[in-house]
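*Asks:* Here is the input, now give the coordinates:
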Amino acid sequence: MARFFQPKKKTQLNTKHQSVQIEKLDHLGAGIAYQNKKPIFIEGALPGEQVLVQITESKSKFSRANLIKIQKSSDLRVEPFCPHYQECGGCNMQHTDVSTQQQHKQQTLAQLMKKFAGQTAELEAPITGDSKGYRRRARVSLMVDKKTRQLKFGFRKKQSKDIVNVTHCPVLAPELNQLIPPLQKMLQGFSNQDALGHIELVKGDNTRVIVLRHMKPLKEQDQAQLEAFAAEQQATLYLMPQTDQLDRIVGEQAHYLEAGVTIPFEPNNFIQVNQQVNAQMVEQALNWLEFAEQDRVLDLFCGLGNFSLPMAKTAQHVIGVEGVDSMVEKATFNAKLNQLDNAVFYQANLEQDMTGQPWASEKFDKLLLDPARAGASGIVDQISELGATRVVYVSCNPATLARDSQSLLNQGFQLDKLGMLDMFPHTSHLESMALFVKD
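*Replies:* Numbering: from 1, shown residues only. Below you'll find the model as predicted:
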């Protein structure tokens, strides 16, 4: 007998306001309440609070809800310092103080390492910096309102493509905040605002950088006005007519100083957002690796040389490996600029077998990895073949750090040190550093 598919009736979502008790925070900083043993995730809620919520999503194993009202407040709750906190999609942890945020991030790191790598480690003191004015780069969204035809200038709203108009961002570097009001005013006077895509603001140690992404050619008078503005502000101006095209129009190339080396960069190159934390991070990595003058060091996912170049000032020889050709060229240039002839850079796909790579046949004393969020899957399984006895792993994703740690442990390494890096205060994002040693 034939059977016909009959779709199940969708369960009606109960959107009636409900009062729940917050038990704890999840790894992303959202409050967790339980209803019939099923977790409900509520952004903006804190442990110990009684809150009124509205369910927005209900799955078989979890639900999500919006915070409607705080009925009983936690002693950990503070008043958010940014007037845009309720709307803006950034800085989701402003409702509690920095110390509590850091404790939560440390707990998250420890829990993930224990759960996925089976490692229980006493955490080192966290690396921290200023909690405001720390961002040296930001992307500002631009959009013409279809109804009012006014140009919106700011950051994306929570879970929305709409834009929160911003004239000042408390976590942005003061030097970049100074550019926002006059830049906003000037762009609002452009004759073809529909051509505007977004603005990138970046702070170098020698200049401030403005990048304008535009979808259509700029009108001559608009571009002239923009160039005059950059010159008046003593800023560097780039135009980006295509995603893969970046044209410097006004000013000098930006650079930053780190551990006694100068590192030039283009605004589309990766640099750490938080310069204070980056400086301490580099210093700690070098200290944990315990360089001797004769050491040969391998830096995987080396980028522009943020770690490689400072290491080359101490170690005998440093090899940096990066997947992007243009970054290898820039790192090589940066080494020559700093007169570091003991740093050599190679391009390689670090997700593939390294056998046959010219640098892989050499043996190293120390090794550093600083991969992207996806982690070091692939190359991490080959670390023991390179001979290093001390490995520092810098991570922007504790889940992939925990996963990759399993591989290092299976290769005979032991977890010696583990610490949290508070690169993004007032957000749930955490970075970390781990040291693995081998006898």
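
*Asks:* How about the contacts made by the closest residue to residue 128 other than its chain neighbours?
*Replies:* Nearest residue to residue 128, sequence neighbours excluded (Cβ to Cβ, 6 or more residues apart in numbering): residue 422, at 4.7 Å. C-beta coordinates here come from the backbone N, C-alpha and C atoms, glycine included. Contacts for residue 422 (Cβ atoms under 8 Å, 6 or more residues apart in numbering) come out as 101, 102, 105, 126, 127, 128, 129, 277, 430, 431.

*Asks:* And the buried ones among those, selectable in PyMOL?
*Replies:* The PyMOL selection below is limited to those of these classed as buried (16 or more other Cβ atoms under 10 Å):
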select buried, resi 101+102+105+126+127+128+129+277+430+431
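
*Asks:* Sort the contacts of residue 422 by pLDDT and name the bottom one.
*Replies:* Note: of these, the lowest pLDDT belongs to residue 430, at 93.

*Asks:* ok, now which ones touch that one?
*Replies:* Contacts for residue 430 (Cβ under 8 Å, 6+ apart) come out as 105, 108, 109, 398, 420, 421, 422, 423, 424.

*Asks:* Which of those fall within helices?
*Replies:* Of the contacts of residue 430, the ones assigned to helices by DSSP state H are 105, 108, 109, 398.

*Asks:* want to try a markdown table for those residues, with distance to residue 69 as columns?
*Replies:* Formatted as a markdown table, those follow (distance: Cβ to Cβ, whole Å):
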| residue | distance to residue 69 |
| --- | --- |
| 105 | 27 |
| 108 | 27 |
| 109 | 32 |
| 398 | 33 |
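
*Asks:* Give me the buried entries from the residues you listed.
*Replies:* 105, 108, 109, 398.

*Asks:* ok, which stretches of the stretch 51-200 of the chain are helices?
*Replies:* Applying DSSP state H, counting those that start in this stretch to the stretch 51-200 of the chain gives helices spanning 98-117, 174-177, 180-187.

*Asks:* Of all the ones you listed, which one is nearest residue 304?
*Replies:* Among those, helix 174-177 comes nearest to residue 304, with 20.4 Å by Cβ to Cβ.

*Asks:* Mean pLDDT per helix and strand in the chain: which one sits at the bottom?
*Replies:* Lowest on mean pLDDT, DSSP states H and E among the helices and strands of the chain sits helix 98-117, with a mean of 92.

*Asks:* can you tell me which residues contact residue 28?
*Replies:* Taking Cβ under 8 Å, 6+ apart, we find residue 28 in contact with residue 428.

*Asks:* State the distance from it to residue 56.
*Replies:* Distance, residue 28 to residue 56, by Cβ to Cβ, to the nearest Å: 16 Å.

*Asks:* Check residue 79 too.
*Replies:* From residue 79 across to residue 56, the span is 25 Å (Cβ to Cβ).

*Asks:* With residue 419 instead?
*Replies:* 36 Å.

*Asks:* Which one's more surrounded, these two?
*Replies:* residue 419 (20 against 14; other Cβ atoms under 10 Å).

*Asks:* Can you spell out which residues form a bridge with that one?
*Replies:* Listed by DSSP bridges, the beta-bridge partners for residue 419 are residue 433.

*Asks:* May I have the residues that are in contact with it?
*Replies:* Neighbour list for residue 419: 123, 124, 125, 126, 127, 284, 432, 433, 434 [criterion: Cβ under 8 Å, 6+ apart].

*Asks:* Show me how this structure divides into domains.
*Replies:* Domain segmentation of the chain under automatic domain parsing yields 18-77, 103-130+274-437, 137-254.

*Asks:* So which of these is nearest residue 87?
*Replies:* Among the domains of the chain, domain 137-254 comes nearest to residue 87, with 4.7 Å by Cβ to Cβ.

*Asks:* now for that closest one, what's the gap between its first and last residues?
*Replies:* For domain 137-254, the first and last residues are 12 Å from each other (Cα to Cα, to the nearest Å).

*Asks:* just the helices in the stretch 251-400 of the chain please.
*Replies:* 275-289, 308-312, 325-337, 398-410.

*Asks:* neighbouring contacts of the shortest one?
*Replies:* Where contact means Cβ under 8 Å, 6+ apart, the residues beyond helix 308-312 that reach it are 258-261, 263, 282, 286, 289, 291, 297, 299, 302, 318, 320, 331, 334-335, 338, 340, 342-343, 345, 368.

*Asks:* Residue 182: which of the buried ones among the ones in helices among the contacts of residue 430 is nearest?
*Replies:* Ranked by distance to residue 182 (Cβ to Cβ), those are led by residue 105 at 36.3 Å.

*Asks:* any idea how far residue 27 is from that closest one?
*Replies:* Distance from residue 105 to residue 27, by Cβ to Cβ: 9 Å.

*Asks:* From residue 425, how far off is the residue nearest to residue 73 when sequence neighbours are not counted?
*Replies:* Setting aside the residues directly before and after it, residue 73 is nearest to residue 49 in space (Cβ to Cβ, 6+ apart), at 6.2 Å. Distance of residue 49 to residue 425, computed by Cβ to Cβ: 22 Å.

*Asks:* before we move on, what about residue 180?
*Replies:* Distance of residue 180 to residue 425, computed by Cβ to Cβ: 20 Å.

*Asks:* who has more neighbours, those two?
*Replies:* residue 425 (23 against 20).

*Asks:* so that one makes contact with residue 98?
*Replies:* Yes. With contact defined as Cβ atoms under 8 Å, residue 425 reaches residue 98; the gap is 5.8 Å.

*Asks:* could the domains of the chain go into JSON lines alongside distance to residue 87?
*Replies:* Below are the domains of the chain laid out as JSON lines (distance: least, Cβ to Cβ, whole Å):
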{"stretch": "domain 18-77", "distance to residue 87": "12"}
{"stretch": "domain 103-130+274-437", "distance to residue 87": "15"}
{"stretch": "domain 137-254", "distance to residue 87": "5"}
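
*Asks:* who's in contact with residue 437?
*Replies:* Counted by Cβ under 8 Å, 6+ apart, residue 437 has contacts 389, 390, 391, 413, 414, 416.

*Asks:* I'd guess the last one is in a strand, am I close?
*Replies:* In this case it means residue 416. Yes. According to DSSP: H, G, I helix; E, B strand; the rest coil, residue 416 belongs to a strand.

*Asks:* show me the contacts for it.
*Replies:* Going by Cβ under 8 Å, 6+ apart, residue 416 touches 435, 436, 437.

*Asks:* swap the cut-off to 10 Å and go again
*Replies:* If you count contacts by Cβ atoms under 10 Å, 6 or more residues apart in numbering, residue 416 has them with 121, 288, 390, 391, 392, 434, 435, 436, 437, 438.
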